[in-house]
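Participant: Curious how this folds, go ahead:
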Amino acid sequence: MKPISTFIVSVITATIITGCGTDSAEPDVSEEQAEEKENAAEVEFPHMHGLGFTEDGEKAFTPVHDGLRVFEEGIWSRVEGPRHDYMGFTMTADGFYSSGHPSVQTNNENPLGIIKSTDEGKSTEVLGLEGEVDFHLMSAGYNSGAIYVINPHPNSSMEDTGLYVTTNEAKDWDKGDMGGVSGNIIALAAHPEEKSTVAVSTEEGVFLSQDAGDTFEQVLDVSPVPALIFTHDGKMLAAEGIGEKTTLQVIDSSGETEQMPEPDIKEEDAIQYIAQNPESSKTIMVTTMERDIFYTEDNGESWEKTVKEGKSQNNS
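Facilitator: Numbering: from 1, shown residues only. Below you'll find the predicted structure:
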């Protein structure tokens, strides 16, 4: 088995390389014909790049290389809309923000910069930086209006790499100094209500900032932490470790932790994204780097595998 940190870095790198290229040629059939064919069979999930629930808790969305997938009433299906290669996908109360690369069926420039959808992905609006940057790490506060990104290279709105935040939908950006963070950033999480509260995870643990990313305090000292979110009550939920050593840790702002039951993660796999239902705190979904998706409605006491190795288990 590879060392844990090597595994995490290598899998994330492979995901980025294979999952964010421009679209390949699409079949010469109508969108309606293609959708009918795909929804009649099992739904496929190549390279999942995010996860989140709608405000009413009725649906969960995950983006893949060719658009969105939606989980509703126990069934996964494709979403009608542009088949962008979404990256940095993050759900909020009124829709989602994302980055990535455009579908060949649209006129968007590559990369997308930052886009927003308020109609569950049926259409998208460019907010800024189109043709300039693709954010792989982005998180928006569910109700706060703050959007945090890890900027990979200088652009017209950001003079340097690193952590930036906007509170006016990408019109203006402020840079965080990130004092106190050690290790390579794997995950980024914005507080659902507090604009200045943000957390990051690295191969060395979880770090929390309450001043918009200028300074951080380490609140979990474990290695590594491949997935991290804020729950809707303002605590953090972190996945640490890989395979059978994976645990799910609930962390409050003081660093106090409580472990919740985790799904059965196979060897050399790891949780990549986590989402909590805003209408039911016990309802949680996770995706893994090997493209499994697990779902619980009882705070982890029982988990259902709804997607196995990139194929839905309930549409065949």
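Participant: so where do the helices sit in this structure?
Facilitator: For the chain, the helices defined by DSSP state H occupy 4-19, 31-40.
Participant: show me what contacts the residue nearest the centre of the chain?
Facilitator: Closest to where the C-alpha atoms of the chain average out (CA atoms, centre = their mean) is residue 50, at 2.7 Å. Residues in contact with residue 50 (CB atoms under 8 Å, 6 or more residues apart in numbering) are 62-63, 86-91, 98, 273. The way it works is simple: take the backbone N, C-alpha and C, and place the C-beta from them, glycine included.
Participant: Among the helices of the chain, show the one with the smallest mean pLDDT.
Facilitator: Lowest mean pLDDT within the helices of the chain: helix 4-19, at a mean of 44.
Participant: Residue 112 and residue 192: what is the separation?
Facilitator: Distance, residue 112 to residue 192, using CB to CB, to the nearest Å: 24 Å.
Participant: So for these two, which sits in the more crowded spot?
Facilitator: Neighbours were counted for residue 112 and for residue 192 using other CB atoms under 10 Å; residue 112 has more, 30 against 22.
Participant: okay, that one: pLDDT?
Facilitator: Residue 112 carries a pLDDT score of 98 in this model.
Participant: what's next to stretch 88-95, contact-wise?
Facilitator: The contact list for stretch 88-95 (CB under 8 Å, 6+ apart) reads 49-55, 61-63, 96-100, 116-120, 134-143, 147, 149, 190, 275, 278.
Participant: What's the PyMOL line that selects buried ones from these?
Facilitator: Restricted to buried positions by 16 or more other CB atoms under 10 Å, the PyMOL selection for the contacts of stretch 88-95 reads:
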select buried, resi 49+50+51+52+53+54+61+62+63+96+97+98+99+100+116+117+120+134+135+136+137+138+139+140+141+142+143+147+149+190+275+278
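Participant: if you look at the contacts of stretch 88-95, which of them are in strands?
Facilitator: Counting by DSSP state E, the part of those found in strands is 52-53, 61-63, 96-100, 116-117, 138-140, 147, 149, 190, 275.
Participant: Might you list the low-confidence residue ranges for the stretch 1-150 of the chain?
Facilitator: By pLDDT under 70, the weakly predicted segments of the stretch 1-150 of the chain are 1-41.
Participant: Relative to residue 202, how far out is residue 52?
Facilitator: As for residue 52, its distance to residue 202 is 22 Å (criterion: CB to CB).
Participant: Check residue 45 too.
Facilitator: 26 Å.
Participant: for residue 211, same thing?
Facilitator: Computed as CB to CB, the residue 211 to residue 202 distance reads 19 Å.
Participant: neighbours around residue 248, how many?
Facilitator: Residue 248 has 22 neighbours, counted by other CB under 10 Å.
Participant: wait, doesn't it sit right on residue 258?
Facilitator: No - at 9.7 Å, residue 248 does not count as touching residue 258 under the criterion of CB atoms under 8 Å.
Participant: The residue nearest to the centre of the chain: what's its closest spatial neighbour, skipping adjacent residues?
Facilitator: Of all residues not flanking residue 50 in the chain, residue 89 sits nearest, at 2.8 Å (CB to CB, 6 or more residues apart in numbering).
Participant: gap between the two ends of stretch 180-190?
Facilitator: End-to-end distance for stretch 180-190, by CA to CA, to the nearest Å: 17 Å.
Participant: What are the contacting residues of that stretch?
Facilitator: Contacts with stretch 180-190, where a contact means CB under 8 Å, 6+ apart, come from 8-9, 12, 90, 137-141, 144, 146-150, 163, 197-205, 207, 215-218, 224-230, 236.
Participant: Those, buried ones only, as a ChimeraX selection?
Facilitator: Of those, the buried ones can be selected in ChimeraX as follows, counting by 16+ other CB under 10 Å:
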select :8,9,12,90,137,138,139,140,141,144,146,147,148,149,150,163,197,198,199,200,201,202,203,204,205,207,215,216,218,224,225,226,227,228,229,230,236
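Participant: I'd like to know how far the nearest residue to residue 76 once chain neighbours are set aside sits from residue 292.
Facilitator: Nearest non-adjacent residue to residue 76, counting by CB to CB, 6+ apart: residue 312, 4.2 Å away. From residue 312 over to residue 292 the distance is 11 Å, taken as CB to CB.
Participant: Compare the two (neighbour count), which wins?
Facilitator: More crowded of residue 312 and residue 292, by other CB under 10 Å: residue 292, with 25 against 20.
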